[in-house]
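Enquirer: Build me a structure from this.
(one chain, ligands or ions: 2)
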Amino acid sequence: EEFDTSKTYFSVLETRTKMLADYACNCLNRYGVCVIDNFLGNGKGLEIHEQVQDMHQKGLFTEGQLMNSERGNSNLKHVRGDVLTWVDGSEEGCEDIGFLVSSMDAVILKCAGKLTNVSVNGRTKAMVACYPGNGTQYLRHVDNPNDDGRCITCIYYLNKNWEAKKYGGLLRIYPEGQDRVASIEPVFDRLLFFWSDRRNPHEVMKAFKTRYAITVWYYDADQREKAIKGYKGGMKPEIVPLHSHDQRSVNCDT
Ligand SMILES: Cn1c(O)c(C(=O)NCC(=O)O)c(=O)c2ccccc21
Ligand SMILES: [Mn+2]
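Expert: Ligands and ions are numbered 1, 2, ... in the order given. From the prediction side, this is the model:
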């Protein structure tokens with residue numbers, strides 16, 4: 001019969017998403033960190049990079065934090081650090097970021113029931129971050145040290161031809177209780193998952209070229225519930241339901 005490309009496309013996408021989810025679950029359960037390269041392909045990656053660059057040029061990012069503030073670098077007076085903005089991907093000019101986040105959700109949805117002690121039921125909006133490339137960094141920290149509900153950090157990098165030797169900007173993760181360090185280059189079209197809690201202290205090394213990344217944090221249902229009750233949740237209590245490509249908002253309470 002007629003070769004139905006759309007059905008084929010979606011079934012291939014479905015199969016690949018399932019494969020990526022299996023890989024992510026194994027890596028997270030075993031190492032607490034998972035790197036997936038060529039997540040969306042060159043074309044889509046470039047479209048996302050272009051949208052982020054436009055937002056940056058339009059001045060939609062926050063004022064960078066002064067590096068002599070709580071981040072501790074007292075000798076970097078008046079040096080601006082990372083700048084960021086929050087989007088849910090439905091805003092004008094953010095459609096490709098919306099596609100990225102739906103693609104992240106699609107993988108996480110297929111991990112349902114296979115992640116140790118975690119049941120994801122929602123996520124934050126997307127944080128689009130830019131290091132201006134003036135040697136600023138992000139000091140060693142834990143994303144969720146106090147059970148605010150976030151269980152998985154998901155970062156997508158946008159930086160073409162990144163050379164850490166020249167531009168720095170490595171993400172260094174120091175997995176708790178291990179004497180190994182994971183050094184992750186923020187390369188174009190790379191997707192990264194890691195547990196958001198104290199298992200993964202990490203830092204962003206000084207970056208000497210503009211460095212873009214898009215981060216989403218996934219919530220664990222129970223921990224988030226407790227955090228909101230205990231008002232411990234550092235993040236605003238706004239949970240975005242996961243939705244995969246067919247835009248159906250799926251409540252993955254499985
Ligand atoms: C700009 N930026 C960050 O870059 C990281 C972070 O850990 N980034 C890791 C990375 O980009 O590889 C953060 O965790 C973070 C948390 C709150 C506000 C801003 C933040
Ligand atoms: Mn972090």
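
Enquirer: tally of neighbours for residue 41?
Expert: Look at residue 41: counted by other CB atoms under 10 Å, it has 9 neighbours. Any C-beta I mention is one placed from the backbone N, CA and C, and that applies to glycine too.

Enquirer: Pretty sure it sits against residue 103.
Expert: No. Between residue 41 and residue 103 there is no contact under CB atoms under 8 Å: 10.6 Å.

Enquirer: per-residue confidence at residue 233?
Expert: Looking at residue 233, its pLDDT reads 50.

Enquirer: And the helix ranked longest in the chain, what's buried?
Expert: Longest helix in the chain by number of residues (criterion: DSSP state H): helix 5-31. By neighbour count on 16 or more other CB atoms under 10 Å, the buried set for helix 5-31 is 17, 20, 21, 24, 25, 27, 28, 29, 31.

Enquirer: Same question for stretch 40-60.
Expert: Of all the residues in stretch 40-60, those buried under the rule 16+ other CB under 10 Å are 40, 45, 46, 47, 48, 49, 51, 52, 55, 56, 60.

Enquirer: quick one, helices of the stretch 1-150 of the chain?
Expert: For the stretch 1-150 of the chain, applying DSSP state H, counting those that start in this stretch gives helices covering 5-31, 42-57, 95-110.

Enquirer: I'd like these laid out as JSON lines, including mean pLDDT and distance to ligand 1.
Expert: Output for the helices of the stretch 1-150 of the chain, formatted as JSON lines (pLDDT from 0 to 100; distance: least, CB to the nearest ligand atom, whole Å):
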{"stretch": "helix 5-31", "mean pLDDT": "93", "distance to ligand 1": "17"}
{"stretch": "helix 42-57", "mean pLDDT": "97", "distance to ligand 1": "13"}
{"stretch": "helix 95-110", "mean pLDDT": "97", "distance to ligand 1": "15"}
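
Enquirer: Of all those helices, which one comes closest to residue 146?
Expert: Taking CB to CB, helix 5-31 is the member of the helices of the stretch 1-150 of the chain nearest to residue 146, at 20.9 Å.
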